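Peer 1: I need the structure of the sequence given here:
(chains A and B)
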Amino acid sequence: MVLWLLILIPILAAPLAWMGQQWSRNAPRWIAIGTLSVDCLLTLLLLSQDHSVQTSGHGSWLVESHSSWIPRWGISLHLGLDGLSVILILLTAFIGLLAIGASWTEIQSRVGFFHCNVLLALGGVIGVFLAIDLFLFFFFWELMLVPMYLLIAIWGHAHRRYASFKFFLFTQAGSLLMLVAIIALALLHQHATGRPSFDYADLMELTVTHGMAWWLMLAFLIGFVVKLGAPPFHSWLPDTYTEAPTGASIILAGILAKTGAYGLLRFTIPLFPGVMSEFAPLVMGLGTVGILYGAVLACCQTDIKRLVAYSSISHMGFFLLGAFAGTELALQGAVMQLVAHGLSTGALFMLAGALQERFQTRDMRQMGGLWGMTPRLATMALFFACASLGLPGLANFIGEFLVLFGSYSAQPVLTILASLGMVMAAIYSLGMMQRTFFGQQRETRIAPDLSNTAFGTLLLIAVLQIWLGLYPKTVLITTKPVMNMLVQPVVASPNLTHQPSESVSSSTIFTSQVSAP
Amino acid sequence: MILQDFVALSPILNLGAFSLVTMLAIAFRRHHARIAVFAFMSCLLTLATLPWAATATPRAVTALLVVDGHALLYMGLVLSATMVVIALSYRYLTVQFHEHEGVEEYYLLLLLATFGGLVLTVAAHFVSFFLGLELLGLSLCSLIGYLRTRRHPLEAAVKYLLLSIAASAFLLFGMALLYFESGSMTFRGVGAIVKQAQDVPGLWLGGFVLVLVGVALKLGLAPFHMWIPDVYQGAPTPITAYIATVSKGALVALLLRLATDVGALELPPLVHLFSLLAVASMVTGNALALLQQNVKRLLAYSSITHFGYVLVALLAGGPAAAEAVTFYVIVYCAMTLGAFGVVTVYSSEGGEKDCVEDYQGLFWTRPWLAAMLALSLLSLAGIPVTAGFIGKFYAIAAGVDAGLWWLVLTLIGNSVVSLYYYLRLIVTLFGEETTPATVPQGQQAQAGEATSWTAVFSLGLVASIIVLLGVYPEPLIQLIRESVSNLLMVTAQRP
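Peer 2: Numbers count the residues shown, from 1 in each chain, chains lettered A, B, ... in the order given. Coordinates of the predicted model:
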């Protein structure tokens, strides 16, 4: 029941936020903030109360809720929470708060409807992270799409119409392919057992023929990778991230991309262990291409939001590399990368939004020398640029380092190529700083520095970044059981004689290693 | 035994009697509101006889008609849709007509058309099929041209008349050939010859294809879709909604029975023909809708596409297909009524509002109306929380189950493309408001009038059905499953 609360609180608060517009301009904002704070606290409560978080996994859930929905198709309202979902829901609520904070001054028209859409989208995202019935999962997966589309189409920048269409069509095409695969899975279950089922546990036990599994995995992969924005399915991403209003950009990069990543970890990898070995090099190659392609294009952008968007493609490449490497180390790194990227990119989009609000442009050629005028903004930008380039001591470093470390044994060549991405990250991140805040001052207008609230929010993210950079165990220990479970099918599939002690020992090594700095 | 026959036929007898009474009432005294309420009540009372009739079903009444769960379900659909259309029509007609111009016959014709639709749902014989179709077609023809002082409705009426004639010609010739080969006019009798013989006689096949062409013409499947956009655009908007829902719904009921009884989907050539029609409808409808600037034409093309989807579900064959088709058609009727209902209500405030520009920024001035249209469009696009998603889910599931991978992939590709034009309309709803200066003086004055409560009520009902079916479809699924099992059972029982 508490899981339903997590989903329903934002969804039910959404119309309230809309109506709140009548009372005062800030009422919708406060309603949204209150709602997300409640969600945040509720998740923290779940995390802290249940100490079994460290031992769960292996298909068992910390908290579970199950009731029948459409028995004709074997569809049930089945929610489950484990270490991975807890972390991502926390991230969702936090990034949501950030997005609302970032649009505090930017969104001045139709405030109520804006926050209504934000809450609806976030409710859908939380549902995605909780649903373990594939139909229900798809339901939430699509639920977040329409509010997101409206956010871009109504409050976006100059080319919002084009960007919002592209966003919707790309993601919908991927989703529908996935829907076919989901239905095919359920029907295969019907052929095998006589009743269709969309339940995660049922489908995990299903044995699918090799050829069928190949096609189904491909469909799942495309559906999720589109959301993640890996080449060659990325072309919507720069346009959408750039044209969306700041708040929506933060949600898109910080949370929506993570739903794709979550789908890969939760469904694609465990459902088709048989063809995993065929797909792993392909997807890791895709990840590497994404890392290098995103980084190269980020280097030559003049639009600051576009730069962050391409850097986002590059960072998500690291996730793909790690998620399919098949080692626990790399998987842990991939999850860490999700959290770190959510925080750093969210902050960078917030800063880009702040710059645009002050100077009515995103073109870095028209900026320069802003350090003197807006020292707070510049300091924060420097900090998050460093986070983005993977400075040791910050969260992104842990993620990328673990991914590279864990993937080397699987694909040495790709890993070496991928590490070049970190070098290029330094080039584009510092290049951005150089062109925007250093050098000759071109802008003569006087612009205010960051407000206290914005500065405080960014400081909070910075603290989180440092915390996770120095003590990543907070995240790693929570997701460890899930990652453990993910590694097993990969290890087990070639030879069935699988020793659990091996994976445990490797994980203890890496936790001691990682927690050392 | 005879009594049981009457019980089974009671919905049709009931509506027939009410049509007569309506005609007499009009002859006795003309009064718009009274006749409208009377027509509405006729449908409501007929609807109320359905549970009673269900006690006597499944039952074959003479060789012509079969009343079973399948027929009763579609009767319910047809009658409910008619009631919504009547509720939407009242205000529209008061605005479009001057007093003492004689609007009352409109409702009489509507009842007669619905009567024809009911006959189609129970038809198990080519004669009853033809009678029902002609009754529906002729009444519709007069309804389309009912605004007889305007140019577009008249043009549309003539087009529909020509189409009807062409369809009837195909149909009659096809029936003649079928009769020549099989010596029977009942669906099962026609099908029996195919089930016995090793190879299908060429003339039989030709005859069946001609019948299919006739049905495809009426359903507006590509490449027989030419009339659809013009008629949709020219007809009074409530009638457009009626053609899209009642007329097509009844025909699908008939097509399902025909295909099941004849066993058409076991013949490879016919399966190929159906596949071809499905692909052509999906692709043509979408391609032509992409650049439409007229809302009614856009919805017309989208309806062609949707019936392509229905055919994909139908091709899956067996009870699963009948279930999917029925679910899709019910859902389609709800969302189409929603979309056209908004156009009707908006047009009832002076002047036809059928250009996309008319809807610019509607959400900020008329939030409920725009939200209703957005909901219907999202449902047509198949986005979850709306009924359209479950419908699409059903169509895909039926296709995947039968292994029709290419058709399913075509369906998916097309529903992505179709998103483009639905989104275009939705984004217009949420666009910047047009400046009031562009609105002519006369229209502005009329726009002040409140929307009639009947329209509000019926649109609210449609909206709640769309959402309810999208969130909790299980009761309807159970109902459909029972009726489908009926469809297969009765055909086995009949003498």
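Peer 1: list the residues that contact residue 320.
Peer 2: No chain was given, so I picked chain A. Contact analysis of residue A:320 by CB atoms under 8 Å, 6 or more residues apart in numbering or on different chains lists A:225, A:228, A:230, A:264, A:283, A:284, A:286, A:287, A:290, A:334. C-beta: built from backbone N, CA, C; applies to glycine.
Peer 1: try chain B instead
Peer 2: Contacts of residue B:320 by CB under 8 Å, 6+ apart are B:397, B:398, B:401, B:402.
Peer 1: neighbours of the closest residue to the first one other than its chain neighbours, just the number please.
Peer 2: Which is residue B:397. Once flanking residues are discounted, residue B:397 sits nearest to residue A:183: 4.9 Å by CB to CB, 6 or more residues apart in numbering or on different chains. By other CB atoms under 10 Å in any protein chain shown, 25 other residues sit near residue A:183.
Peer 1: pick out the residue nearest the middle of chain B.
Peer 2: residue B:245 (2.4 Å; CA atoms, centre = their mean).
Peer 1: is it true that that one lies in a helix?
Peer 2: Yes: Residue B:245 sits within a helix when classified using DSSP: H, G, I helix; E, B strand; the rest coil.
Peer 1: how about the contacts of residue A:320 in TSV, adding distance to chain B and secondary structure?
Peer 2: Shown next, in TSV, are the contacts of residue A:320 (distance: CB to the nearest CB, whole Å; DSSP: H, G, I helix; E, B strand; the rest coil):
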residue	distance to chain B	secondary structure
A:225	16	helix
A:228	19	helix
A:230	20	coil
A:264	21	helix
A:283	23	helix
A:284	28	helix
A:286	22	helix
A:287	26	helix
A:290	23	helix
A:334	29	helix
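Peer 1: can you turn the buried part of those into a ChimeraX selection?
Peer 2: Per 16 or more other CB atoms under 10 Å in any protein chain shown, the buried members of the contacts of residue A:320 correspond to this ChimeraX selection:
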select /A:225,228,230,264,283,284,286,287,290,334
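Peer 1: and of the contacts of residue A:320, the nearest to residue A:41?
Peer 2: For the contacts of residue A:320, the minimum distance to residue A:41 (CB to CB) is 27.5 Å, reached by residue A:334.
Peer 1: now that closest one: closest residue in space that isn't a chain neighbour?
Peer 2: residue A:322 (3.3 Å).
Peer 1: tally of neighbours for residue 275?
Peer 2: Using chain A here. For residue A:275, using other CB under 10 Å, the count is 19.
Peer 1: that was the other one, I meant chain B.
Peer 2: Residue B:275 sits with 17 neighbouring residues when counted by other CB under 10 Å.
Peer 1: likewise the one 4 residues further on?
Peer 2: Residues within reach of residue B:279, counting by other CB under 10 Å, total 19.
Peer 1: and it, what does it touch?
Peer 2: B:308, B:407, B:410.
Peer 1: state the distance from the residue lying closest to residue B:259 once chain neighbours are set aside to residue B:277.
Peer 2: What sits nearest to residue B:259 in space, not counting adjacent residues and going by CB to CB, 6+ apart, is residue B:265, at 5.8 Å. Counting by CB to CB, to the nearest Å, the gap from residue B:265 to residue B:277 is 13 Å.
Peer 1: now do residue B:482
Peer 2: Distance from residue B:482 to residue B:277, by CB to CB: 29 Å.
Peer 1: ok, now residue B:14?
Peer 2: On the measure of CB to CB, residue B:14 and residue B:277 end up 36 Å apart.
Peer 1: where along the chain do the strands fall?
Peer 2: Answering for chain A, as no chain was given. A:63-70, A:75-81 (DSSP state E).
Peer 1: not what I meant, chain B
Peer 2: B:59-61, B:65-67.
Peer 1: and those strands as CSV, adding mean neighbour count, mean pLDDT and distance to chain A?
Peer 2: CSV is the format used below for those (neighbours: other CB atoms under 10 Å in any protein chain shown; pLDDT from 0 to 100; distance: least, CB to the nearest CB, whole Å):
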stretch, mean neighbour count, mean pLDDT, distance to chain A
strand B:59-61, 20, 87, 27
strand B:65-67, 27, 91, 26
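Peer 1: tell me, how many residues neighbour residue A:343?
Peer 2: Quick note: residue A:343 (other CB under 10 Å) scores 26 neighbours.
Peer 1: I'd say it and residue A:461 touch.
Peer 2: Yes: Residue A:343 lies in contact with residue A:461 (CB atoms under 8 Å); the separation is 5.3 Å.
Peer 1: for the longest helix anywhere in chain B, what is the average pLDDT?
Peer 2: Criterion DSSP state H: the longest helix present in chain B is helix B:151-182. Helix B:151-182 shows a mean pLDDT of 93.
Peer 1: buried residues in it, which are they?
Peer 2: Applying 16+ other CB under 10 Å to helix B:151-182 flags B:152-161, B:163-164, B:166-168, B:170-171, B:173-175, B:177-178, B:181-182 as buried.
Peer 1: what residues does the stretch 101-250 of chain A have near chain B?
Peer 2: A:110, A:138-139, A:142-143, A:145-146, A:149-150, A:153-154, A:161, A:164-165, A:168-169, A:172-173, A:176-177, A:179-180, A:183-184, A:186-187 (CB under 8 Å from any CB of the partner chain).
Peer 1: hey, which helix or strand in chain B has the poorest pLDDT?
Peer 2: Ranked by mean pLDDT, DSSP states H and E, the weakest helix or strand in chain B is helix B:441-447, scoring a mean of 44.
Peer 1: I'd like the mean pLDDT over stretch A:61-74, please.
Peer 2: For stretch A:61-74, mean pLDDT rounds to 85.
Peer 1: check whether it comes near chain B.
Peer 2: Yes: using CB under 8 Å from any CB, stretch A:61-74 reaches chain B at A:69, A:70, A:71, A:72, A:73.
Peer 1: contacts only, for the first one.
Peer 2: Yep, that's residue A:69 we're talking about. A:75, A:76, A:77, A:133, A:136, B:472, B:474.
Peer 1: may I see the ChimeraX selection of the buried members of the residues you listed?
Peer 2: In ChimeraX, this line selects whichever of those come out buried by 16+ other CB under 10 Å:
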select /A:75,76,77,133,136
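Peer 1: CSV for the contacts of residue A:69, including distance to residue B:102?
Peer 2: CSV is the format used below for these (distance: CB to CB, whole Å):
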residue, distance to residue B:102
A:75, 53
A:76, 57
A:77, 55
A:133, 57
A:136, 55
B:472, 45
B:474, 47
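Peer 1: and the contacts of residue A:69, which is closest to residue A:38?
Peer 2: Closest to residue A:38, out of all of the contacts of residue A:69 and judged by CB to CB, is residue A:77, at 21.7 Å.
Peer 1: low-confidence regions, the stretch 51-200 of chain A specifically.
Peer 2: A:51-60 (pLDDT under 70).
Peer 1: my bad, chain B
Peer 2: Using pLDDT under 70, chain B drops low at B:1, B:99-100, B:197, B:350, B:434-451, B:486-495.
Peer 1: so who does the nearest residue to residue A:309 once chain neighbours are set aside touch?
Peer 2: If the residues on either side of it in the chain are set aside, residue A:309 comes closest to residue A:241, at 3.7 Å by CB to CB, 6+ apart. Contacts of residue A:241 were listed using CB under 8 Å, 6+ apart, and they are A:249, A:252, A:253, A:305, A:306, A:308, A:309, A:312, A:349.
Peer 1: separation between residue A:232 and residue A:298?
Peer 2: Residue A:232 is 17 Å from residue A:298, by CB to CB.
Peer 1: between the two, which has more neighbouring residues?
Peer 2: Counted by other CB under 10 Å, residue A:232 and residue A:298 do not tie: residue A:298 has more neighbours, with 26 against 10.
Peer 1: can I assume that one is in contact with residue A:304?
Peer 2: No: Residue A:298 is not in contact with residue A:304 according to CB under 8 Å; the separation is 10.6 Å.
Peer 1: give me every residue that touches residue B:194.
Peer 2: B:200, B:204, B:262, B:263, B:266, B:267.
Peer 1: picking that back up, next step: the residues of the stretch 101-250 of chain A next to chain B restricted to helices.
Peer 2: Those of those lying in helices (DSSP H): A:138-139, A:142-143, A:145-146, A:149-150, A:153-154, A:161, A:164-165, A:168-169, A:172-173, A:176-177, A:179-180, A:183-184, A:186-187.
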